[in-house]
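1. here is my input, please return the structure:
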Amino acid sequence: MSVAEGFIKELEMDLKFFKATLSVFQEGDSAYAPQPGLYTVAGHVEHTADTVDWFLEGAFGSGWDMDFAALIARAKAVTSLSEAAKHLEQSFAKAAEVIGAASEQQLFEPIPDKRIMEGAPRCSIVSGTTDHTAHHRGALAVYARLLGKEPPMPYA
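-> Residues are numbered from 1 along each chain as shown. A predicted model of the protein is given here:
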């Protein structure tokens, strides 16, 4: 297995774990949030997808988008869980495509835009993505329980 294939496998597992948690939600749960101002179920998923894109663009594209208010507003505007889940699949597929196309040298080059993760190699966005995704997966597990649903153990 190549280095890139290992990173792609990590991304695939990350998406699998996230989808396991999402499996208890229905489209009718899209707008649920335990309090006003918090992400809805759909908003959490959209924000997670946006952040996969954000990491990819930060390390392999034009750099970090630091307009966090706009990123949050865009995620909160999404009202459909199925739409957000589709975006999530596309974002992970794009990340796997970019990682898979990169040479080992490119994967270990420092991220050019030093404002975030200064000095870290480009491939470190995989662990950043995994960490961020786990955070929102955990929040969604709490949302599920507040709705009377029991999320499955994601690692099965």
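2. secondary structure element holding the spatially most central residue of the chain?
-> Nearest to the geometric centre of the chain sits T48, at 3.5 Å (Cα atoms, centre = their mean). Assigned by DSSP states H and E, T48 belongs to helix 41-60.
3. please apply the same query to A93.
-> Using DSSP H and E, the element containing A93 is helix 81-101.
4. the closest residue to K16 other than its chain neighbours in helix, strand or coil?
-> Spatially, and ignoring its direct neighbours in sequence, K16 is nearest to P154 (7.6 Å; Cβ to Cβ, 6 or more residues apart in numbering). Backbone N, C-alpha and C define where each C-beta goes, glycine included. Three-state call for P154 (DSSP: H, G, I helix; E, B strand; the rest coil): coil.
5. let's test this: mean pLDDT of the helix holding A93, rounded?
-> Across helix 81-101, the average pLDDT comes to 98.
6. number of nearby residues for F17?
-> Per other Cβ atoms under 10 Å, the neighbour tally for F17 reads 18.
7. I'd like to know which elements the strand or helix carrying it is packed against.
-> Assigned by DSSP H and E, F17 belongs to helix 3-22. Secondary-structure packing of helix 3-22 (3 or more Cβ pairs under 8 Å, 6 or more residues apart in numbering; DSSP states H and E): helix 81-101, helix 104-107, helix 125-146.
8. so can I have a markdown table of these showing distance to E5?
-> Below are the helices and strands packed on helix 3-22 laid out as a markdown table (distance: least, Cβ to Cβ, whole Å):
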| stretch | distance to E5 |
| --- | --- |
| helix 81-101 | 8 |
| helix 104-107 | 11 |
| helix 125-146 | 12 |
